[in-house]
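S.K.: need a 3D model of the sequence below.
(2 chains)
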Amino acid sequence: MDVDLTFEQLVRDHQAMVFRTLLRLTGSREHIDDLAQDVFLRLYRALPSFRGEALITTYLYRIAVNVAQDEWKRRSRDDRSHVSLSDETSAWEERLAHPDRNAEQQIEEREFQQAVDEQLQRLSQIERTILILYHQEERSYEQISYTLGMPIGTVRTHLHRGRKKLREAIQQNQTSERRTACQTN
Amino acid sequence: MSDELMNSRLVRADDELDRRVLHALETAPRVEVPADFAARVADRLPARRPVSLTATHYGRNAVFLGMILTLVILIAVTLYNGRHASFGLAESVLLGQFLALTVWLSVRRHGVE
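M.R.: Got it, this is the predicted structure:
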């Protein structure tokens, strides 16, 4: 009973981190609750073999990445179309609403954020995972290296490559949007 | 417009794009975790296999049974084939091993308990 209560507390402490990581890794709010539960159940099963060589958070990231990978595989089998992060009532966009900014700026920023998220989903799984762990979750190279089981040099390479691809894709998007706007005017 | 001015504008635009991309990447999505999420996970936890506090002695019992069987077979073989000297040697070795095992098991048993 005590063990369950302690584990419940552990879930409470880390649930937000697991939800936001899964949300961005999978690019969808669909099934996010089930996936997060899966992460914690896997952690519970793995706890007896957890030797404390890493922080529990690093261990959780590793499990979350594995669960996200399984979800990608399931989706590719089901051939489902991806649902955008903003397809449901999302508070994320609302967060951008700043009273000191005008509506146009807010819309522009929201669109830019959506564009980044869309392009993020087009990167390879490994590049996307590393970008999210490094930028969003502020993990160090060592932690990412442990989480993904790859050398630090490889993590650096994927990070650099992923950022470059993302930037180029956004730039290309912006250029084509400007062209379309010019043609319309 | 001079090339220098053009280049500096391009560099500034690139820097601005980098800044915006990084800002977008660093902006974590806000998530609404259901209030009962942790409790639901706790409910789904698999029951841990109960640990038996009563010691079992299956292995030791099997050893004793094996020893008795070996002894019976040894005696039976001795009575049946007692005339052959070569077999008698092997028989003695087996008997010696059997006795050594018996002594070792008895000592070990006393040591544990």
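S.K.: what sits closest to A:Arg24 if chain neighbours are left out?
M.R.: Distances taken as Cβ to Cβ, 6 or more residues apart in numbering or on different chains place A:Ile132 nearest to A:Arg24, at 5.1 Å, with adjacent residues excluded. Quick note: C-beta positions are derived from backbone N, CA and C, even for glycine.
S.K.: by mean pLDDT, flag the weakest helix or strand of chain A.
M.R.: Counting by mean pLDDT, DSSP states H and E, chain A has its least confident helix or strand at helix A:91-95, which shows a mean of 48.
S.K.: just the CA atoms of the following helix or strand past it, as PDB, please.
M.R.: Following helix A:91-95 in sequence order, the next helix or strand is helix A:103-122 (DSSP states H and E). This file holds the C-alpha atoms of helix A:103-122, laid out as PDB (Å, rounded to 0.1, in the frame of the first residue of the first chain):
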ATOM      1  CA  ALA A 103      -3.600  40.900 -32.400                       C
ATOM      2  CA  GLU A 104      -1.700  40.800 -35.600                       C
ATOM      3  CA  GLN A 105       1.600  40.000 -33.900                       C
ATOM      4  CA  GLN A 106      -0.100  37.300 -31.800                       C
ATOM      5  CA  ILE A 107      -1.600  35.700 -34.900                       C
ATOM      6  CA  GLU A 108       1.800  35.800 -36.600                       C
ATOM      7  CA  GLU A 109       3.500  34.300 -33.600                       C
ATOM      8  CA  ARG A 110       0.900  31.600 -33.300                       C
ATOM      9  CA  GLU A 111       1.200  30.700 -37.000                       C
ATOM     10  CA  PHE A 112       5.000  30.600 -36.700                       C
ATOM     11  CA  GLN A 113       4.800  28.300 -33.700                       C
ATOM     12  CA  GLN A 114       2.400  26.000 -35.700                       C
ATOM     13  CA  ALA A 115       4.800  26.000 -38.700                       C
ATOM     14  CA  VAL A 116       7.700  25.000 -36.400                       C
ATOM     15  CA  ASP A 117       5.600  22.200 -34.900                       C
ATOM     16  CA  GLU A 118       4.600  21.000 -38.300                       C
ATOM     17  CA  GLN A 119       8.100  21.000 -39.600                       C
ATOM     18  CA  LEU A 120       9.300  19.300 -36.400                       C
ATOM     19  CA  GLN A 121       7.000  16.400 -37.200                       C
ATOM     20  CA  ARG A 122       8.600  16.100 -40.700                       C
END
